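Q: Coordinates for the following, if possible.
(one chain, ligands or ions: 3)
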Amino acid sequence: MSQFTISVLPGDGIGPEVVREALLILEQVAKNFQHTFTFNYGKVGGVAVDETGTPLPQETVELCKNSHAVLLGAVGGPKWDQETPERRPEAGLLGIRKALKLYANLRPVTLFESLIHASPLKREVVLDTDILIVRELTGGIYFGSPRERRQGRDGLEVIDTLHYTEKEMERIIRKGFDVAQGRKKKLTSVDKANVLESSRLWRETANRVAKEYPDVQLDHMLVDNAAMQLVRNPRQFDVIVTENMFGDILSDEASMLTGSLGMLPSASLGVGGPGLYEPIHGSAPDIAGKNVANPLATILSAAMLLRHSLGLEEEAASVERAVDLALEEGYRTQDIGSEWERLLGTAQMGEVVRSYLRSPIKS
Ligand SMILES: NC(=O)c1ccc[n+]([C@@H]2O[C@H](COP(=O)([O-])OP(=O)(O)OC[C@H]3O[C@@H](n4cnc5c(N)ncnc54)[C@H](O)[C@@H]3O)[C@@H](O)[C@H]2O)c1
Ligand SMILES: CC(C)[C@H](C(=O)O)[C@@H](O)C(=O)O
Ligand SMILES: [Mg+2]
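A: Ligands and ions are numbered 1, 2, ... in the order given. Here you go, the predicted model:
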């Protein structure tokens, strides 16, 4: 029996709907395995802007720092599209990642076998998809300075800066090698070394670090080719390591190998502090408030939270197994289903998954 404190940041749009289901799952897990989880709610994103004037109140940062892990829904929406950069909901998400120093974003792209027909891609292509995208999360063009919009001689001009230190590259590449060692020992480093100086240093760094991991096969791939290879032959990939923006784009693309963006969870890890767990999708304003969003990405993120931040492997596996069983039985939300399958709403899908959760197996 253990006690853990989890910060909960539901955010905007479908965020609160999918987080609710993940929390009900965690509560059931706590009961089944006799743990005590204390959930502390905080505000981030548009709701925080509306209530406090900033997308990341200091109170939220403190709350997260004083917890074992953070569960986040999603931020953003058209309501805040005209806000200044500092008041945009997305700045809250980038801010909490930075404040917690969460440089390593793990995005597993794993196909549940029963969803093989949910992908728009052919069965032969998606079969056995099991990729781990390791995305750098606190550097690159997302955080570069200067960033500005100014009046130039020919009208407006803008600057975004792509900045990385060699150290930042090295630690994420090392993470890629480390996780590859626990998998099929194949690491694909994705860059744009034919154009970008940052990518040239990235490639040099990957080659240097590779010498310490002789058991891992390292390949380099240009990002445009990687985007194509992901849908041509995803089985060639084991672990992909890449910088912030490439990882963002490739992971949304890769989600379709598993049937839907609503299936992909993520873990953002730093150096010892609390990890942050969130689905890779956004606030989906087009379906918010309709009880149709797929909660599985968030439920699977809760499983990652149990595994990576709380060290509860059996509990995590029980959640993943419950998701698998629900899908095996044909239960579907609309994004992964067809009329002839058992189409459920967000809350109903959560309920079905809960019904498949099992208590520990006593030996
Ligand atoms: N981590 C985050 O908080 C995050 C991630 C991405 C986008 N966003 C923000 O979300 C807002 C909307 O962005 P977007 O529309 O480009 O991306 P999105 O991920 O919110 O939605 C893209 C498409 O996928 C669908 N979708 C997303 N999640 C789903 C789910 N769980 N179940 C079923 N369908 C799902 C949506 O309905 C939409 O059609 C923007 O403000 C953006 O900045 C936030
Ligand atoms: C909302 C946005 C800032 C965010 C990102 O680009 O990191 C999102 O797309 C994600 O993938 O988590
Ligand atoms: Mg994204």
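Q: need the contact list for the closest residue to L196 other than its chain neighbours.
A: Using Cβ to Cβ, 6 or more residues apart in numbering and skipping the chain neighbours, the partner closest in space to L196 is L162 (7.2 Å). Using the backbone N, CA and C atoms, a C-beta is placed for each residue, glycine as well. Contacts for L162 (Cβ atoms under 8 Å, 6 or more residues apart in numbering) come out as G140, I141, G144, L196, S198.
Q: can I assume L162 sits in a strand?
A: No: L162 is assigned coil when assessed by DSSP: H, G, I helix; E, B strand; the rest coil, not a strand.
Q: circling back to that earlier point, how about the contacts of L162, which pair is most distant?
A: Using Cβ to Cβ, those span at most 12.6 Å, a distance reached by G144 and L196.
Q: Flag every residue of the stretch 51-200 of the chain that's near ligand 2.
A: By Cβ under 6 Å from any ligand atom, the residues of the stretch 51-200 of the chain that approach ligand 2 are G76, E90, L93, L94.
Q: Just the buried ones from these, in ChimeraX syntax?
A: Under the burial definition 16 or more other Cβ atoms under 10 Å, those of these that qualify are selected in ChimeraX by:
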select :76,90,93,94
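Q: Including distance to ligand 1, secondary structure and pLDDT, could the residues of the stretch 51-200 of the chain next to ligand 2 go into a markdown table?
A: As requested, these are exported to a markdown table (distance: Cβ to the nearest ligand atom, whole Å; DSSP: H, G, I helix; E, B strand; the rest coil; pLDDT from 0 to 100):
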| residue | distance to ligand 1 | secondary structure | pLDDT |
| --- | --- | --- | --- |
| G76 | 2 | coil | 98 |
| E90 | 5 | helix | 98 |
| L93 | 5 | helix | 98 |
| L94 | 10 | helix | 98 |
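Q: what's the closest of the residues of the stretch 51-200 of the chain next to ligand 2 to N207?
A: For those, the minimum distance to N207 (Cβ to Cβ) is 29.9 Å, reached by L94.
Q: Enumerate every residue touching F143.
A: Residues in contact with F143 (Cβ under 8 Å, 6+ apart) are L94, K98, H163, N244.
Q: What distance do you get for the last one to I172?
A: In other words, N244. 9 Å (Cβ to Cβ, to the nearest Å).
Q: what do those two both touch?
A: Listed as contacting both N244 and I172 by Cβ under 8 Å, 6+ apart are E136.
Q: now the residue nearest to L196: how far from K192?
A: Distance from L162 to K192, by Cβ to Cβ: 10 Å.
Q: now swap in G46 and tell me
A: Using Cβ to Cβ, one obtains 33 Å as the distance from G46 to K192.
Q: and these two? which has more neighbours close in?
A: A count of neighbours by other Cβ atoms under 10 Å puts G46 above the other of G46 and K192, at 26 against 18.
Q: contacting residues for E166?
A: So E166 contacts L201, T205 (Cβ under 8 Å, 6+ apart).
Q: how far away is it from S198?
A: 10 Å.
Q: try L300
A: Taken as Cβ to Cβ, the span from L300 to S198 is 32 Å.
Q: residue ranges of the strands in the stretch 51-200 of the chain, please?
A: For the stretch 51-200 of the chain, the strands defined by DSSP state E, counting those that start in this stretch cover 69-74, 104-110, 130-136, 148-152, 155-159, 186-191.
Q: residues from this protein in reach of ligand 1?
A: For the chain, the residues in contact with ligand 1 (Cβ under 6 Å from any ligand atom) are 14, 18, 74-77, 90, 93, 261-262, 278, 281-287, 293-294, 297, 335.
Q: Separate out the buried members of those.
A: By 16+ other Cβ under 10 Å, the residues of the chain next to ligand 1 give 14, 18, 74-77, 90, 93, 261-262, 278, 281-285, 287, 293-294, 297, 335 as buried.
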